[in-house]
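Trainee: Output the structure for:
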Amino acid sequence: MLTRLLPFVTLLFHSPAVDPTKRRWAILPQPFFQVDLQLCPARSVEFTRFIRSCSNTLLSHAVNYISPHLSLLNTHLGLRYSPYFGLEPIRMEITSCPEELCEWLGVDYAKMERGLETEKDLWRWATEVREGGAIDAVWKIVADRGKRGDKGTPRRKGKDEGWVRFVQWLRTDKESPYNMESGDPARLTGSVNQVSDATTLNPPNSTSTADANPSHEPVLEGGTVTLVPTPAQIKVNEDLLDAERPKPLHYKAQDVLERFGKMDELSELLNERKMAAVVMANRQRLKAETPSVLPSDAVKVLQTLSVERVIAGSLGELAEHLRGMEAVPK
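Mentor: As a prediction, the model looks like this:
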């Protein structure tokens, strides 16, 4: 059996329904049950049941904080990485085992399996993180942002009310080990970037390689003058795909792949994208070297040549006609 059905029951109060007699939405006064059946691969049933049981929104937010290339889906922890613009991104399944996921995050899988009764029980479970767990640094970031005035409101209002309630509890409740009243949360020690969370591709202690000569003046190197490219030249080069320089993978995503032994699989997929990138780069380079619009002077020359061909052709036809008349016997 390739798939199995997982039922999830939702109690809806005063839900809208279509009134066939009045052809408009009507409000039913009594509550009713809605049963959703979700399809998933048989090998991912336990993972799906676990994720749907422990608020996939809560853990999904945490994984997104760790790395922009990681995502927590209903069936697995996955990687989505686009090494080359314009090519299909690399999608990989990292693990579909809930025990492995919890071990990496640093939470107690066995406790979740025994069951939780309330929403606060879920929050306590998510914040009881063992030392070194990946999710520990995420809660420190969220709590630390609260001290700087961030309310933790999601971009799409009305979509993640549970996350907003959790963030408020995390920062203010006395039961939360990350609450702001208990003192400054420890600064991050490497689980997530210290400055910009998961938006920076390099580790926190990496140095910038920005252009040290913003004026674009000629630079003297070893007795010879090396011209620094102008902004226009840089823009043209950026538009061309470079198969030898894929976009970097976020360093925390790389750590996760190494932890789960997935680097070889990534290398194979990256080589496939590289071969496709070489073909695309050659096409782009050929197109860039072949101007699509001819210069105005060249257009004028072609127009002149066309007129001359027409005239020459007409004169040739007249000469042939005259020679034919001379050949006719009188």
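Trainee: residues of stretch 63-81 that come out buried?
Mentor: 63-73, 75-79, 81 (16 or more other C-beta atoms under 10 Å). Yep, even glycine has a C-beta here, placed from its N, CA and C like the rest.
Trainee: Just the mean pLDDT for that stretch, thanks.
Mentor: Stretch 63-81 shows a mean pLDDT of 93.
Trainee: Alpha carbons only: can I get that stretch in CSV?
Mentor: Provided in CSV are the C-alpha atoms of stretch 63-81 (Å, rounded to 0.1, in the frame of the first residue of the first chain):
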residue,chain,number,x,y,z
VAL,A,63,13.4,25.4,11.2
ASN,A,64,13.1,28.4,9.0
TYR,A,65,15.0,30.5,11.5
ILE,A,66,17.8,28.0,11.4
SER,A,67,18.4,28.1,7.6
PRO,A,68,16.4,29.5,4.6
HIS,A,69,17.4,26.4,2.7
LEU,A,70,15.6,24.0,5.2
SER,A,71,11.9,23.4,5.4
LEU,A,72,9.8,21.2,7.6
LEU,A,73,7.1,19.5,5.5
ASN,A,74,4.3,17.2,6.6
THR,A,75,6.2,14.2,5.4
HIS,A,76,9.9,15.0,6.0
LEU,A,77,12.6,17.5,6.8
GLY,A,78,13.7,18.8,3.4
LEU,A,79,16.3,20.9,1.6
ARG,A,80,15.4,23.4,-1.1
TYR,A,81,18.5,25.0,-2.7
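Trainee: And the strands in the stretch 1-150 of the chain?
Mentor: For the stretch 1-150 of the chain, the strands defined by DSSP state E, counting those that start in this stretch occupy 3-12, 16-19, 24-27, 32-41, 70-72, 77-81, 90-95.
Trainee: ranking those by mean pLDDT, which is last?
Mentor: strand 3-12 (a mean of 45).
Trainee: Okay, Glu100 and Lys262: tell me how far apart.
Mentor: Distance from Glu100 to Lys262, counting by C-beta to C-beta, to the nearest Å: 12 Å.
Trainee: ditto for Ser176
Mentor: From Ser176 over to Lys262 (counting by C-beta to C-beta), the distance is 34 Å.
Trainee: Same question for Gly78.
Mentor: From Gly78 to Lys262 the distance is 11 Å (C-beta to C-beta).
Trainee: same thing with Arg285?
Mentor: Applying C-beta to C-beta to Arg285 and Lys262 gives a distance of 33 Å.
Trainee: in the stretch 101-250 of the chain, which spans are helices?
Mentor: Secondary structure of the stretch 101-250 of the chain (DSSP state H, counting those that start in this stretch): helices located at 109-114, 119-127, 134-147, 161-172, 231-239.
Trainee: Next, the angle helix 119-127 makes with the fourth one.
Mentor: Read it as helix 161-172. 70 degrees (axes from the mean of the first three to the mean of the last three C-alpha atoms, to 10 degrees).
Trainee: which parts of helix 161-172 are buried?
Mentor: Neighbour counts over helix 161-172 (16+ other C-beta under 10 Å) mark Trp163, Phe166, Val167, Trp169, Leu170, Arg171 as buried.
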